[in-house]
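Undergrad: Below: sequence and its predicted model.
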Amino acid sequence: MKAGAEPHNNKNWDRRTMNDCDLRIAELRRQAEETLKSETLSMEKMPVEDVRKLVEELRIHQVELEIQNEELRSTQMALEQSRKEYSDLYDFAPVGYLTLNEDGRIVKANLTAAKQLGMERSILIGKPFNLYSAENSREELHLHLRNVFKTKQPHTCEIKLNGRSRTNSYVQLDSTHALDSDGQSLTRTTMTDISDRKLAEEELKAMAGRLENSNHELEQFAFIASHDLQEPLRKIQTFGNILGTKCSDKLDEQGKDYILRMQNSAKRMAELIRDLLKYSRVATRTDPLDTVDLREAVMEVVSDLEPRIHRLGANVEVFELPAITAEKSQMRQLFQNIISNALKFHGEEQARIKIHSQCTDYDCRIFVEDNGIGFDETFLDRIFVPFQRLHGRSAYEGTGMGLAICRKIVERYGGSIIAKSKPGKGSTFIISLPVKQD
């Protein structure tokens, strides 16, 4: 019998059931008539009035029985309609339904499951389900079923179907424990097609791999290019200094101005190359990770910046900070860039910088607050982009790489960095970092 023929068989089964019901009613009537015949002789000796009352009661009982029979027939028809609706819902559900025994054999399957497995339902019954799973998914399927039968708790897994199923697709199995009428253990399993999701995940994984390789190549290129540019730049600076020193008396004011401009440009180029190297080294350095006391690292940075802090009369407060898993040199670079940024963009008042944190067992947020000139948050995305500046070189020195390096360091550890600010109201940089690295 083919799986698709089952709805027709359901109709035949309904007709047979109604015929059986009619036969049962006829049999009950026959038995009642025989009982009455056996009591006929005793009724002949009864007074006429008693016989009349008995006949009336029998008629009433007969009507009652007919009403009950009609109610039973209506109930039977309603039950059959409900059963048919359930059967249709079961067979044509958008997910496959399987019932498996403890041997992993298919006891029952709906039409959707048969379609997913690429087989007729009649062929599936009694077959081991692992026949239709890919070889590398059979262990996962075995553990899944064992878990359900052992714990009697719901369990979920994902497997790949094999070529036997003619679909070669991925499905998610959600199984619950059940008992049949004989008390034997079974699983009720839904089978959801997740092939599209798996395909998207594989494409995303491949794309991420290509992107990672591309980024690595770009970082290597930036490192090599920056390194190779330093040598000719040093020669430009050297010969510019020689011209400025030995030929100064032979140059007019315009010539001296040209040399000064050349030297300033070479200096800016050297700074750009140095910062580009720092940026490329964030991801290429592979120093071992260790437990880093962030407060200790910040205090070392403050000590290094002490001459500048003293010159500006700035006040730097460092509160309790956590210890995290990281490279200490990169944590120092991170905070040196942010604190230097706060000192650079100080306002007319005494510069005040406050560094504190909020932590859980899993991650921490470090706040670096200042009372500097601030900025319009419309330009928030720009400040973390390499070589992007909100102010001209004549107003503030720098290459526009400091905060880009900060973001690259933070993202290397699976963290994030954001800023909140208003013009003239100072800025707060919020650094989120995990306490431990996987």
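TA: Yep, that arrived. The structure presented is a predicted model; accordingly, all values stated were derived computationally and were not measured. Numbers count the residues shown, from 1 in each chain.
Undergrad: show me where the protein has strands.
TA: In the chain, the strands defined using DSSP state E lie at 96-101, 106-109, 155-160, 170-179, 185-193, 290-293, 315-318, 323-326, 352-359, 363-370, 416-421, 427-434.
Undergrad: Pull the residues that contact stretch 247-258.
TA: Residues outside stretch 247-258 that contact it (CB atoms under 8 Å, 6 or more residues apart in numbering) are Leu243, Gly244, Ile259. Bear in mind the C-beta positions are built from the backbone N, C-alpha and C, glycine included.
Undergrad: Ile60 is nearest to which of the strands of the chain?
TA: Comparison of these against Ile60 by CB to CB identifies strand 170-179 as nearest, at 45.8 Å.
Undergrad: Could you pull up the mean pLDDT of that closest one?
TA: Strand 170-179 carries an average pLDDT of 93.
Undergrad: Adjacent strands (with direction) for it?
TA: Within its sheet, and counting by DSSP bridges, strand 170-179 is paired with strand 155-160 (antiparallel), strand 185-193 (antiparallel).
Undergrad: Of all the residues in the last one, which ones are buried?
TA: Going by neighbour count (16 or more other CB atoms under 10 Å), the buried part of strand 185-193 is Leu186, Thr187, Arg188, Thr189, Thr190, Met191, Thr192, Asp193.
Undergrad: before we move on, the earlier item: reformat the strands paired with strand 170-179 as TSV; add distance to Ser175.
TA: Below are the strands paired with strand 170-179 laid out as TSV (distance: least, CB to CB, whole Å):
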stretch	distance to Ser175
strand 155-160	6
strand 185-193	4
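Undergrad: now these in a markdown table, with distance to Gly104 and mean pLDDT?
TA: Output for the strands paired with strand 170-179, formatted as a markdown table (distance: least, CB to CB, whole Å; pLDDT from 0 to 100):
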| stretch | distance to Gly104 | mean pLDDT |
| --- | --- | --- |
| strand 155-160 | 12 | 93 |
| strand 185-193 | 9 | 93 |
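Undergrad: So for Glu70, which of the ones you listed sits nearest?
TA: Closest among the strands paired with strand 170-179, once you apply CB to CB, is strand 185-193, at 36.9 Å.
Undergrad: how does the chain divide into domains?
TA: 3-91, 96-193, 204-284, 287-438 (automatic domain parsing).
Undergrad: looking at the ones you listed, which one has the lowest mean pLDDT?
TA: Among these, domain 3-91 scores lowest, at a mean of 66.
Undergrad: Contacts only, for the closest residue to Ile236 other than its chain neighbours.
TA: Leaving aside its sequence neighbours, Ile236 sits nearest to Ala266 (CB to CB, 6 or more residues apart in numbering; 5.0 Å). By CB under 8 Å, 6+ apart, the residues touching Ala266 are Leu233, Ile236, Gln237, Gly240.
Undergrad: run the last query once more with 10 Å
TA: Residues near Ala266 by CB atoms under 10 Å, 6 or more residues apart in numbering: Leu233, Arg234, Lys235, Ile236, Gln237, Thr238, Phe239, Gly240, Asn241.
Undergrad: Nearest residue to the middle of the chain?
TA: Nearest to the mean C-alpha position of the chain, counting by CA atoms, centre = their mean, stands Glu201 at 10.8 Å.
Undergrad: Can I get stretch 291-301 in PDB? Just the C-alpha atoms.
TA: Extracted C-alpha coordinates of stretch 291-301, given in PDB (Å, rounded to 0.1, in the frame of the first residue of the first chain):
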ATOM      1  CA  THR A 291      46.700  38.200  33.700                       C
ATOM      2  CA  VAL A 292      47.000  42.000  33.500                       C
ATOM      3  CA  ASP A 293      46.200  44.300  36.400                       C
ATOM      4  CA  LEU A 294      44.600  47.200  34.500                       C
ATOM      5  CA  ARG A 295      45.100  49.700  37.300                       C
ATOM      6  CA  GLU A 296      48.800  48.800  37.400                       C
ATOM      7  CA  ALA A 297      49.000  49.200  33.600                       C
ATOM      8  CA  VAL A 298      47.100  52.600  33.700                       C
ATOM      9  CA  MET A 299      49.400  53.900  36.500                       C
ATOM     10  CA  GLU A 300      52.500  53.000  34.400                       C
ATOM     11  CA  VAL A 301      51.000  55.000  31.500                       C
END
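Undergrad: Now do that stretch: distance to the chain's middle.
TA: 34 Å (CA atoms, centre = their mean, to the nearest Å).
Undergrad: ditto for stretch 430-438
TA: 19 Å.
Undergrad: That one: end-to-end distance?
TA: 23 Å (CA to CA, to the nearest Å).
Undergrad: which other residues reach it?
TA: 289, 291, 294, 322-326, 331, 334-335, 338, 355, 357-369, 406-407, 409-410, 412-420.
Undergrad: With distance to Arg210 added, can I get the buried residues of strand 185-193 in JSON lines?
TA: Shown next, in JSON lines, are these (distance: CB to CB, whole Å):
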{"residue": "Leu186", "distance to Arg210": "46"}
{"residue": "Thr187", "distance to Arg210": "41"}
{"residue": "Arg188", "distance to Arg210": "42"}
{"residue": "Thr189", "distance to Arg210": "37"}
{"residue": "Thr190", "distance to Arg210": "36"}
{"residue": "Met191", "distance to Arg210": "33"}
{"residue": "Thr192", "distance to Arg210": "30"}
{"residue": "Asp193", "distance to Arg210": "28"}
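Undergrad: which among those gets closest to Ser74?
TA: Of those, the one sitting nearest to Ser74 (CB to CB) turns out to be Arg188, at 31.4 Å.
Undergrad: Tell me who's in contact with that closest one.
TA: Tyr97, Leu98, Thr99, Leu100, Lys108, Val148, Pro154, Asp174, Ser175, Thr176, His177, Ala178.
Undergrad: Quick check: the second one vs Ala78, distance?
TA: So that's Leu98. 29 Å (CB to CB, to the nearest Å).
Undergrad: more neighbours, the two?
TA: Leu98 (23 against 10; other CB atoms under 10 Å).
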